[in-house]
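Q: Predicted coordinates and the sequence they were generated for:
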Amino acid sequence: MQNSRFLQTLVVFLMAFVLITTSGCELITQTQNETTTDSTSQQQTETSSTNPLIDTSTPQIQISSTTSEPLASIADVVAKVKPSVVAITVKATVTVYDMFGRAYSEEQEGAGSGWIISANGLIVTNNHVVAGATSIMVTFNDGSNMPVDIKTIKYDAISDLAVMQVTATGLPAVTIGNSDQLREGDWVIAIGNSLGEGIRVTQGIVSRQGVSITDENGQEISGLIETDAVINPGNSGGPLVNMAGEVIGITNAKTVATGVEGVGYAISINTAIPIIQELISKGYIVRPYLGIDTETMNSSYAFWYRLQSVPGALVTSVTYNSPADIAGLMVKDIIVRFNGQKVTSSSELNEALQQAKIGQEIEIVYWRGSTQSTVKAVLIETPKPQ
């Protein structure tokens, strides 16, 4: 009898122990989940505060995979797209020189264009439109103005693209098209703040695709659409759209050569979108990094700096502790070969650099004075902008 009572007591004890232990496990698991959730939330908040452009509510930007039906007329295209186009007014302090060569600072005003890529206030434009700006004002289609916080600008000088944020929601975003589906001869429409006189519309056709040009700073820009749509100063950063009212390019430059008319360029949207997406999500573009600035070597540099008159890329600055600095490159070196490729200009060096890989050891042949030398450098990831 006593043995029976002992067994009953033991069974009850074991059942209670199992229940308490199981319940305890559930509580521990729940507490760990809550801790993980709180930690993740805190990390997301910290990340968002360090990069004003990061917004988890912004969807992945998709390039259309199908060909949309064209609208009935250019007027219909303009009615669809124009509400998404903005005029940009920029003020910047620049250094100018008087007739005696004395330098002084002067505030100048410039104009450009942009377009709304998301309803939460993200605006795309060209880097050269906003570079060096001390203040930026955006004018919307309804005539209202809104300042831009300079700190929100994320830019990429190599692709000449920039993204900035205004404090607004519910804005009319554009529809993204597919520039790979363009054909030479297709009708396109350029919409932008032409000559700083407000939003204007011009039309033309696609003349060429996959064009590369060198801008006024010697930077090569590739993946361009050539068009005969009239493009004037102030159009830069505005959209080039197809007859379905989809953005298929970002107006970038106009030739200035004497006697050349009706030739303008736009960055193809298929080239631009991956860069725009990375600017929005990361804040900068990750590329192979050497750590130098260069200019294309010419006879004037050879004369004034008493250098070898050889084609190449003249080093004009070297970033401290960069791969170039560690390898021993110096200002006034002339790079003539990079990673096995002949270099005759600054743009050729940039192109060769972008074809290399992060972590790759590359060989650089250069002239220093009358001596040709070879060094090796290990490329690193583009440093995060300060």
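A: Alright, I've got the coordinates.
Q: what residues are up against Val129?
A: Applying CB atoms under 8 Å, 6 or more residues apart in numbering to Val129 gives the contacts 88, 90, 110, 112-114, 162, 236-237. Glycine gets a C-beta too; all of them are placed from N, C-alpha and C.
Q: The closest residue to it other than its chain neighbours: helix or strand, and which one exactly?
A: Nearest-residue entry for Val129: Gly112, 3.3 Å, with adjacent residues in sequence omitted and distances by CB to CB, 6 or more residues apart in numbering. Assigned by DSSP states H and E, Gly112 belongs to strand 103-118.
Q: what lines up beside the helix or strand just after that strand in the sheet?
A: Next in sequence after strand 103-118, counting helices and strands by DSSP H and E, comes strand 122-125. Here strand 122-125 has these sheet partners by DSSP bridges: strand 103-118 (antiparallel), strand 161-165 (antiparallel).
Q: need those strands in CSV with mean pLDDT and distance to Asp186, can you?
A: Below are those laid out as CSV (pLDDT from 0 to 100; distance: least, CB to CB, whole Å):
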stretch, mean pLDDT, distance to Asp186
strand 103-118, 91, 20
strand 161-165, 96, 23
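Q: so which of these comes closest to Glu246?
A: The closest of the strands paired with strand 122-125 to Glu246 is strand 103-118. By CB to CB, the value is 11.7 Å.
Q: Look at Pro233 and tell me its secondary structure.
A: coil (DSSP: H, G, I helix; E, B strand; the rest coil).
Q: Assign a three-state SS to the residue nearest to it when sequence neighbours are not counted, would you?
A: In space, and not counting its chain neighbours, Pro233 is closest to Leu195: 6.3 Å by CB to CB, 6+ apart. For Leu195, the assignment made with three-state DSSP gives helix.
Q: got any ranges where this protein has weak pLDDT?
A: Scanning the chain with the threshold set as pLDDT under 70 gives 1-60, 62, 64-67, 101, 215-220, 253-261, 386.
Q: what are the ranges of the helices in it?
A: Using DSSP state H, the helices of the chain run over residues 2-50, 74-81, 127-130, 269-281, 299-304, 323-327, 346-355.
Q: Specify the residue ranges that define each domain of this protein.
A: As assigned by automatic domain parsing, the chain contains the domains 1-50, 175-271, 288-381.
Q: which one of the ones you listed lies closest to Thr152?
A: Closest among those, using CB to CB: domain 1-50, at 12.2 Å.
Q: distance of the residue nearest to Val129 from Ala131?
A: 10 Å (CB to CB, to the nearest Å).
Q: Mind checking which of those two has more residues around it?
A: Just comparing Gly112 and Ala131: by other CB atoms under 10 Å the higher neighbour count belongs to Gly112, 27 against 15.
Q: Now do the same contact list for the more buried one.
A: Contacts of Gly112 by CB under 8 Å, 6+ apart are 87-88, 90, 125-126, 129-130, 192-193, 234, 236-238.
Q: Number of residues surrounding the residue nearest to Pro233?
A: Leu195: 12 surrounding residues under other CB under 10 Å.
Q: How about Gln355?
A: As a burial measure, Gln355 scores 11 neighbours (other CB under 10 Å).
Q: I figured Val211 was touching Ile225, is that so?
A: Yes. At 7.2 Å, Val211 counts as touching Ile225 under the criterion of CB atoms under 8 Å.
Q: Kindly point out which residues are neighbours of both of those two.
A: Tyr265.
Q: Give me the more crowded residue out of these two.
A: Ranked by neighbour count (other CB under 10 Å), Val211 and Ile225 place Ile225 first, with 29 against 16.
Q: ok so, going back, pipe the domains of the chain into JSON lines and attach distance to Ser73 per row.
A: Listed next are these as JSON lines, based on distance: least, CB to CB, whole Å:
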{"stretch": "domain 1-50", "distance to Ser73": "43"}
{"stretch": "domain 175-271", "distance to Ser73": "9"}
{"stretch": "domain 288-381", "distance to Ser73": "41"}
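Q: which one of those has the most crowded surroundings?
A: Comparing the domains of the chain by mean neighbour count (mean count of other CB atoms under 10 Å), domain 175-271 ranks first with a mean of 20.
Q: end-to-end on it?
A: One end of domain 175-271 to the other measures 16 Å (CA to CA, to the nearest Å).
Q: for the contacts of Gly112, which one is nearest Ile221?
A: Nearest member of the contacts of Gly112 to Ile221, counting by CB to CB, is Asn126, at 10.0 Å.
Q: Spit out the contact partners of Arg183.
A: So Arg183 contacts Val206 (CB under 8 Å, 6+ apart).
Q: start at 48 instead
A: Fine by me, first position is 48 from now on; the one you just mentioned is Arg230.
Q: Please state the offset of the strand holding Gly159 from the chain centre?
A: Counting by CA atoms, centre = their mean, to the nearest Å, strand 150-165 is centred 17 Å from the centre of its parent chain.
Q: Helix 121-128 and that one, what's the angle between them?
A: Between strand 150-165 and helix 121-128, the angle comes out at 100 degrees (axes from the mean of the first three to the mean of the last three CA atoms, to 10 degrees).
Q: Between the contacts of Val176, which sits nearest Ala150?
A: Gly157 (20.2 Å).
Q: Quickly list what the closest one is bridged to.
A: With DSSP bridges as the criterion, Gly157 is bridged to Val137.
Q: Show the contacting residues for the nearest residue to Ser417 once chain neighbours are set aside.
A: The spatially closest residue to Ser417, leaving aside those adjacent along the chain, is Gln355, at 6.6 Å (CB to CB, 6+ apart). By CB under 8 Å, 6+ apart, the residues touching Gln355 are 349, 381, 414, 416-417.
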